[in-house]
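K.L.:
here is my input; please provide its structure:
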Amino acid sequence: MFGCCVAGRLLQTNLIQVDETHAYFELPNASTINHVCVFLLGTVPFPDGFGAAVHFFWPGKGFQLLGVLSNEKPSAIFRLKGTYSGPSSSTAQNKFSSYSSVGPDMQQDVTAILGLSIEPISTIQQQLEQLPSALASTNASPAKDPTMLAERIVKHLFNYISGFVSGGPMSPDVAIPMSVIQRWYEMFISKVRAGGVGFLERGD
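P.N.:
Prediction:
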């Protein structure tokens, strides 16, 4: 029913079933993970009114509720590196008691857990509303995250120069005049000076 993909790694479908409503993926070498995507495979939909709460477990540090999957939102990407803030739900340990067998936090080869708990959507939304806004990965700002800022800048450049390519999609062999990049740079700096980097969040 679920799939998981860590950025830069192969797709994972090795879901471990705990019971009818709880399952998890093991994430080896978790200290090297930046982003993870979890999604429905499309084979089995949720019952009406239900979805999956997505939990992240780091050995020795506890659980954190990351977000929700539903029939209307069948996939989600979460940033893990630098965002873990400890337990956010007192019920998470009870839901995934089998996680207690995972060893303590180590400097290398830490295996983290991405847990999925099928619950009523209303219950999951209540849990999400109780989270401090700083823990909501979807609310992260490029201005406060150097990695995200760099990604948005590169995407902005790519989108800009794509408009000058004719005859097909962008490819490594397409030559881009330096004058195009110079015009992008001047426009980009002008926008930053006028109003900061907020336009990167809006996709301007």
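K.L.:
what about the residue nearest the centre of the chain, which SS state?
P.N.:
In the chain, the C-alpha nearest the mean C-alpha coordinate belongs to Phe78, at 1.6 Å (C-alpha atoms, centre = their mean). For Phe78, the secondary structure call by DSSP: H, G, I helix; E, B strand; the rest coil comes out as strand.
K.L.:
one more: Arg183?
P.N.:
Using three-state DSSP, the structure places Arg183 in helix.
K.L.:
got it, and the one 3 residues further on?
P.N.:
Secondary structure for Glu186, judged by three-state DSSP, is helix.
K.L.:
tell me, how many residues neighbour it?
P.N.:
A count of nearby residues for Glu186, using other C-beta atoms under 10 Å, gives 10. To be clear about C-beta, it is placed using only N, CA and C from the backbone, and glycine gets the same treatment.
K.L.:
gap between it and His35?
P.N.:
31 Å (C-beta to C-beta, to the nearest Å).
K.L.:
same check on Glu26?
P.N.:
For Glu26, the distance to His35 (C-beta to C-beta) stands at 17 Å.
K.L.:
Ile118 now?
P.N.:
According to C-beta to C-beta, Ile118 and His35 sit 24 Å apart.
K.L.:
kindly report the same for Ala23.
P.N.:
Distance of Ala23 to His35, computed by C-beta to C-beta: 21 Å.
K.L.:
do Gln125 as well
P.N.:
23 Å.
K.L.:
check what pLDDT Tyr24 gets.
P.N.:
On pLDDT, Tyr24 comes in at 94.
K.L.:
oh sorry, the question was meant for Ile113
P.N.:
92.
K.L.:
which strand residues bridge the closest residue to it other than its chain neighbours?
P.N.:
Distances taken as C-beta to C-beta, 6 or more residues apart in numbering put Phe57 closest to Ile113, at 3.9 Å, once the chain neighbours are dropped. Beta-bridge partners of Phe57, counted by DSSP bridges, are Phe63, Ile113.
K.L.:
I'd say Phe57 and Leu116 touch.
P.N.:
No: counting by C-beta atoms under 8 Å, Leu116 is not a contact partner of Phe57; they are 11.6 Å apart.
K.L.:
not counting sequence-adjacent ones, nearest residue to Tyr24?
P.N.:
Spatial nearest neighbour of Tyr24, excluding adjacent residues (C-beta to C-beta, 6+ apart): Gly115 at 4.4 Å.
K.L.:
tell me the secondary structure at the residue located most distally from the centre of the chain.
P.N.:
Residue farthest from the centre of the chain, counting by C-alpha atoms, centre = their mean, is Ser179 at 35.5 Å. Here Ser179 is recorded as helix under three-state DSSP.
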